[in-house]
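# no sequence on this one, just coordinates:
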């Protein structure tokens, strides 16, 4: 029978790291690091031997004379459905049955190990009732056994919190069919000259000119669009635990790249809770993640195969297990600036009115093809110029799908993501605006990969458009309540940004073709185009102008002026989007919750450094100390 003799803290740290010959200097350094970071010594020791995060817990079991397990799923029973689901985060013990007796599976802290020794000496029978596991083993077992509970929460959380805010409950077939019928009617009107043309031009003006005017305003006032930068970055000891959620599906080849990007984060490893969220139907991806789990920062959450098969459902499944005070979402291809989490945590600490930060997305493969150049220009304008302007104007911010940073408690309280909305990011941004929660842009970047084929781009864009349609319909279900939540200015902004996006892409294709045909016909046959044709041409040109100018400013900002000439293809780019609208309309009726997965190739070489981004100089001699550059 093993009895834990009295150890000093230094001796115990060395013993738990299976290093009896460890120098007192090294053991003392581990203790000192834990003290400075404000973390448990076990968190530091879990990273003492690379690739073996289980080591200190195995050694604790050996020293205490207790059984150690690396897999406890078969010994656990599901929790009662009435449990507060968010209490699962950071769970350190759970009861189970082992050989017919009830035992407590325990992931002890450093101080707990010392008290356990005295308790076992006083009551040797405890050895039959206690088993040692690591926190990762405990979390994996709890998640696996309670998969039905987590799945129900993932699907129903939003509907329970806000019954009239879910794409599942507020998108019956007749509503979807009616919306698509309206879209079809607008397309038909664009082809019919005559008395309906003035009415249609009014619709086009609303759809294309209003967003374009705002884009031009954002571009020409670029100097005021200052994403938030912390004046002082928090020191390691001041940083909170940060959870990183990385949803993956059929992306085994991307796991090494995203894992390396996570290791490069300038954040104490003991304070990182990085969860790879993989559907059970992706066994190769599950296996790829299992190979990197020796790193104590990483854990694997396997999501059972259950409809809807969407990214937001996977995120909702894992959210109750997130231990961090803050949480961020990264996609498989993302390469965030190493300082992004530290900057976000510093801003959250400095301003308690801040609830969400949107990092800037920059395209890594912009130079490969025409479609990636256009995508890069679009992102440069949208994330670098437009979103900061929207935040400055205090309008609803339609979030991007990655590099969103949240306060974890707030995200849980507002129902998290809509599992049935295929642009869960935009929906969440609008919901946060309705609840009066502040969303701002963060002045750090994330490299992202653009689709490299037309087919892949169209599939991705059709999902986005379908999601914008879902968001538009759901939030418009109670217009009076929407107005009361947003006020007139933000209500108009919502319909300009989300409604205008859907409407402009819907009418653009055939309207462009018919306008050009009429222009050529009237010029050749009648000698000059009529006023309605010229008005239509003007609306198109102004729409292109807004998109082009904001892209030019955005590209200059990230040092990619070489992509300017690609913008001449903007009308063709929008025509492709019109094709994506047709697919989105079909899927909105037939497959409203289908998630068209975007394929990614990954980098051909090493991870590039963060992009150099030009930020506007301060125009106020006495800037806000929390947002000054």
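Noted; the coordinates are in hand. Predicted model, so just to flag it, every value in this text is computed and none were measured.

# can you give me the strands for the stretch 301-450 of the chain?
Remark: strands assigned in the stretch 301-450 of the chain by DSSP state E, counting those that start in this stretch are 326-329, 335-336, 354-363, 404-407, 438-448.

# now swap in the stretch 1-150 of the chain and tell me
Secondary structure of the stretch 1-150 of the chain (DSSP E, counting those that start in this stretch): strands located at 67-68, 93-98, 101-106, 130-132.

# please identify the most buried of those.
Of all the strands of the stretch 1-150 of the chain, strand 130-132 has the most neighbours on average by mean count of other C-beta atoms under 10 Å, namely a mean of 22. Quick note: C-beta positions are derived from backbone N, CA and C, even for glycine.

# does anything pack onto it? Which helices or strands?
Contacts defined by 3 or more C-beta pairs under 8 Å, 6 or more residues apart in numbering; DSSP states H and E place strand 130-132 against helix 55-64, strand 67-68, strand 101-106.

# I'd like the average pLDDT over the last one.
Summarised as a single mean, pLDDT over strand 101-106 is 96.

# host element of the residue nearest to residue 173 when sequence neighbours are not counted?
In space, and not counting its chain neighbours, residue 173 is closest to residue 589: 7.2 Å by C-beta to C-beta, 6 or more residues apart in numbering. Here residue 589, judged by DSSP states H and E, is contained in helix 570-590.

# quick one: contacts of that helix?
With contact meaning C-beta atoms under 8 Å, 6 or more residues apart in numbering, helix 570-590 is reached by 173, 176-177, 179-180, 183-184, 374, 378, 454, 457-459, 461-466, 469-470, 502, 505-506, 508-510, 512, 540, 544, 547-548, 594.

# please apply the same query to stretch 333-343.
Counting by C-beta under 8 Å, 6+ apart, 229-230, 233-234, 239, 242, 244, 254, 257-258, 261, 264-267, 272, 326, 328, 330, 359, 364, 402-403, 405, 442-449, 600, 602-603, 607-608, 610 sit against stretch 333-343.

# make JSON lines out of the helices and strands packed on strand 130-132 and add distance to residue 384.
As requested, the helices and strands packed on strand 130-132 are exported to JSON lines (distance: least, C-beta to C-beta, whole Å):
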{"stretch": "helix 55-64", "distance to residue 384": "45"}
{"stretch": "strand 67-68", "distance to residue 384": "51"}
{"stretch": "strand 101-106", "distance to residue 384": "49"}
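
# to residue 419, which of these lies closest?
strand 101-106 (30.4 Å; C-beta to C-beta).

# what angle separates that closest one from helix 55-64?
130 degrees (axes from the mean of the first three to the mean of the last three C-alpha atoms, to 10 degrees).

# now the strands of the stretch 1-150 of the chain as JSON lines including distance to residue 309?
Below are these laid out as JSON lines (distance: least, C-beta to C-beta, whole Å):
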{"stretch": "strand 67-68", "distance to residue 309": "37"}
{"stretch": "strand 93-98", "distance to residue 309": "29"}
{"stretch": "strand 101-106", "distance to residue 309": "32"}
{"stretch": "strand 130-132", "distance to residue 309": "36"}
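
# and of those, who's closest to residue 50?
Per C-beta to C-beta, nearest to residue 50 of the strands of the stretch 1-150 of the chain: strand 67-68, 20.3 Å.

# and residue 59, what does it touch?
Going by C-beta under 8 Å, 6+ apart, residue 59 touches 15, 16, 17, 18.

# mean pLDDT and mean neighbour count for the strands of the stretch 301-450 of the chain - can I get that in CSV?
What follows is those, written out as CSV (pLDDT from 0 to 100; neighbours: other C-beta atoms under 10 Å):
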stretch, mean pLDDT, mean neighbour count
strand 326-329, 98, 26
strand 335-336, 97, 24
strand 354-363, 96, 24
strand 404-407, 98, 24
strand 438-448, 95, 23
